[in-house]
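Student: Mind folding the following:
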Amino acid sequence: MKRLALSRAGITAVASALTLTLATGCSDSSGDSGKSTGADKETTAAKALSSAELGQRIIVTSDVDGYKVESTDKSDGFTTTKDDLEVKDEKCAPIAYVMAGLAPGDSAADVKRVVTQDPSASPSASPSKKLEDMTDEELDDAMKSITDALTGTVTIVSLSSYEGDGAEKTLSSVSDAVKGCAGGFEAADKGDAQKITKVESEKASGDGDEALAFAVTVGADGGDVTVHGEVVRHGSTVATYYTLSLAAFSGETADGAADYDIPSEIIKAQTAKLA
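Tutor: Residues are numbered from 1 along each chain as shown. From the prediction side, this is the model:
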């Protein structure tokens, strides 16, 4: 199965990390559909934030309960530059960039993180006993926590900064892409071809100065899979969120695998840090 933003290696790495966390009991301390919301708010031009400043403003694990936030810098499972992406229809590129956790526009600086549900947040996920010393009930609880984690979601959060009216233009380009690429488009991530079969608007969170959300149907082995994206402007900074279901992309048929969205608590936590 081939897909944008998170390759098979990326999915495997996330799943393995979740399983290891559970097995060891360790935790890391470290408006209307398709329409922009709040677009009529007056905005004040601000200097584009640097990479270091964006790094201070992007969420960390302590900002959002029940989730683990990690850097993608050292993982080869994530797309790192726009040069890795080839989109046949240029107007659809902003959607592909959001799905890759890249800046959707011509940014001055950008940073991104991967957010996963933290299995160690559950009492049963952090056993004080070794596996061989657990009762059958304790072992069942631990295995359930592993299953829950592996059928959870992965969200790529990115922040990008823009000079002048670049942030507003970026939101407009994403909006145009959602409308103009409704019938899908083709792209390649590091040479791996990917077929997007449908793009449709969704109700946005309403946070920030402008926000828009969309769902993307991706062709995958065993059937199409739906993923979700949202783009929010906070002055001259743009936050993007891209969420996929681990179960759906792993070919599992877990209950609720197809019924998910971008976790609202992640958006709220990031909005608070940009306020």
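
Student: Count residues in the vicinity of the residue nearest to Thr72 when sequence neighbours are not counted, would you?
Tutor: Counting by C-beta to C-beta, 6 or more residues apart in numbering, the nearest residue to Thr72 once its immediate chain neighbours are dropped is Phe78, at 4.3 Å. Where you see a C-beta, it was placed from the backbone N, CA and C, and this is true even at glycine. Per other C-beta atoms under 10 Å, the neighbour tally for Phe78 reads 23.

Student: Sketch out the low-pLDDT regions of the stretch 151-275 of the chain for me.
Tutor: 151, 221-222, 248-258 (pLDDT under 70).

Student: what's the closest non-adjacent residue to Phe214?
Tutor: According to C-beta to C-beta, 6+ apart, the nearest residue to Phe214 is Val178 (4.8 Å).

Student: wait, the one you found sits on Lys198?
Tutor: No: using C-beta atoms under 8 Å, Val178 is not in contact with Lys198, being 11.0 Å away.

Student: Do I have it right that the residue nearest to Thr72 meets Val114?
Tutor: Yes: between Phe78 and Val114 there is a contact under C-beta under 8 Å: 7.2 Å.

Student: And the residue nearest to Thr72, what's its pLDDT?
Tutor: Predicted confidence (pLDDT) for Phe78: 75.

Student: Can you show me the strands along the chain?
Tutor: 67-71, 85-87, 109-117, 153-161, 185-189, 192-202, 210-218, 225-234, 237-245 (DSSP state E).

Student: Let's have those strands in JSON lines, adding mean neighbour count.
Tutor: Conversion of the strands of the chain to JSON lines gives the following (neighbours: other C-beta atoms under 10 Å):
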{"stretch": "strand 67-71", "mean neighbour count": "19"}
{"stretch": "strand 85-87", "mean neighbour count": "20"}
{"stretch": "strand 109-117", "mean neighbour count": "22"}
{"stretch": "strand 153-161", "mean neighbour count": "25"}
{"stretch": "strand 185-189", "mean neighbour count": "20"}
{"stretch": "strand 192-202", "mean neighbour count": "17"}
{"stretch": "strand 210-218", "mean neighbour count": "23"}
{"stretch": "strand 225-234", "mean neighbour count": "24"}
{"stretch": "strand 237-245", "mean neighbour count": "25"}
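
Student: Adding distance to Asp261, write those out as TSV.
Tutor: Compiled in TSV, those are given as follows (distance: least, C-beta to C-beta, whole Å):
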stretch	distance to Asp261
strand 67-71	15
strand 85-87	24
strand 109-117	14
strand 153-161	9
strand 185-189	22
strand 192-202	8
strand 210-218	9
strand 225-234	6
strand 237-245	7
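
Student: Go through those and name the closest to Ala100.
Tutor: strand 85-87 (6.1 Å; C-beta to C-beta).

Student: Could I get the average pLDDT for the closest one?
Tutor: On average, strand 85-87 scores 92.

Student: thinking again about what came up before, for Met99, which of the strands of the chain is the nearest?
Tutor: That would be strand 237-245 among the strands of the chain, by C-beta to C-beta, at 5.3 Å.

Student: So what are the sheet partners of the closest one and their directions?
Tutor: Here strand 237-245 is paired, per DSSP bridges, with strand 153-161 (antiparallel), strand 225-234 (antiparallel).

Student: Make CSV from those strands and add distance to Val69 to it.
Tutor: As requested, these are exported to CSV (distance: least, C-beta to C-beta, whole Å):
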stretch, distance to Val69
strand 153-161, 8
strand 225-234, 17
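
Student: So for Ala167, which of these sits nearest?
Tutor: Of the strands paired with strand 237-245, nearest to Ala167 by C-beta to C-beta is strand 225-234, at 5.1 Å.
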